[in-house]
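Trainee: Build me a model:
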Amino acid sequence: MTDADESLRKIDAYLERLRRHLRGMREEDAREVVAELRSHILDRAGDLVSIPVVDSALAALGPAENLAGEYLTDDLLSRAQATRSPWLILRSLFRWASLSLAGFFILLGSIVTYALGFVLAWAAVLKVVHPQTVGLWSIPQSGGDYELSLHMGFAAPPAGGRELLGWWIIPFGLVVGLGLFFLTLRLDHWSIGRFRRSRALRTR
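Mentor: Have a look, this model is predicted:
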């Protein structure tokens, strides 16, 4: 086997490892990544494809597993930025949270606001089914204090409690709940866009 043949074998082995770790990416996109990297490595190697030059090029790229993770992260963030699916956005935020503290706090805030928006909207729907128990209740506590509690109608009204919104929980829950949902969606898109731009700048 010639030096060039051995060099090409090393390139193929590296790209095969990379390809195996690109599961989850669309087939067409994964093929494009592999083709671009092959072209990049061969361009760097130049006319004389020698083992030392190829080893240097592969070392500069880093382990195939780590490089595949970078591509998967970019792919996931790209798809999340173009979608309105909270599930895909939260998946991308989980990935971001594994990379930085900022991502963790954005993920935490998104989970809280998505959950709050869902609960408020769901309370508006359940008010029609359980009109006597669903609502925002003020419950007296010892010492003269009061506790606010959002009840979803699956239990008896709190003892001594007073419902604050009545039927207004329906427009309130829908407007505020859906508003929180779409506001969080927009903020997540903006945050993911900023994160992608910062990653692009770091890799230049």
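Trainee: Tell me which helix or strand comes right after the helix or strand of the chain with the lowest mean pLDDT.
Mentor: Using mean pLDDT, DSSP states H and E, helix 51-61 stands out as the lowest-scoring helix or strand of the chain, at a mean of 82. Later in the chain than helix 51-61, the nearest helix or strand by DSSP states H and E is helix 64-81.
Trainee: Do you know the pLDDT at Thr168?
Mentor: Careful, residue 168 is Trp and not Thr. The model reports Trp168 with a pLDDT of 93.
Trainee: residues touching it, list them.
Mentor: For Trp168, no residue meets the contact criterion (CB atoms under 8 Å, 6 or more residues apart in numbering). All C-beta spots, glycine's among them, are computed from the backbone N, C-alpha and C.
Trainee: do Arg95 as well
Mentor: 72-73, 76-77, 103.
Trainee: mind giving me the domain split of this protein?
Mentor: With automatic domain parsing as the criterion, the domains of the chain are listed as 1-82, 84-204.
Trainee: Which of these has the lowest mean pLDDT?
Mentor: domain 1-82 (a mean of 83).
Trainee: All the strands of this structure, residue numbers only.
Mentor: 135-140, 146-151, 162-163 (DSSP state E).
Trainee: so of those strands, which one's packed in deepest?
Mentor: Stretch with highest mean neighbour count among those: strand 135-140 (a mean of 18; mean count of other CB atoms under 10 Å).
Trainee: was I right about Trp96 contacting Phe105?
Mentor: No. Between Trp96 and Phe105 there is no contact under CB atoms under 8 Å: 10.3 Å.
Trainee: between those two, which one's more packed in?
Mentor: Legend: neighbour count by other CB atoms under 10 Å for Trp96 and Phe105, higher for Trp96 (23 against 11).
Trainee: show me what contacts the closest residue to Gly103 other than its chain neighbours?
Mentor: Distances taken as CB to CB, 6 or more residues apart in numbering put Trp96 closest to Gly103, at 3.2 Å, once the chain neighbours are dropped. By CB under 8 Å, 6+ apart, Trp96 lies in contact with 73, 77, 102-103, 106-107, 192, 195.
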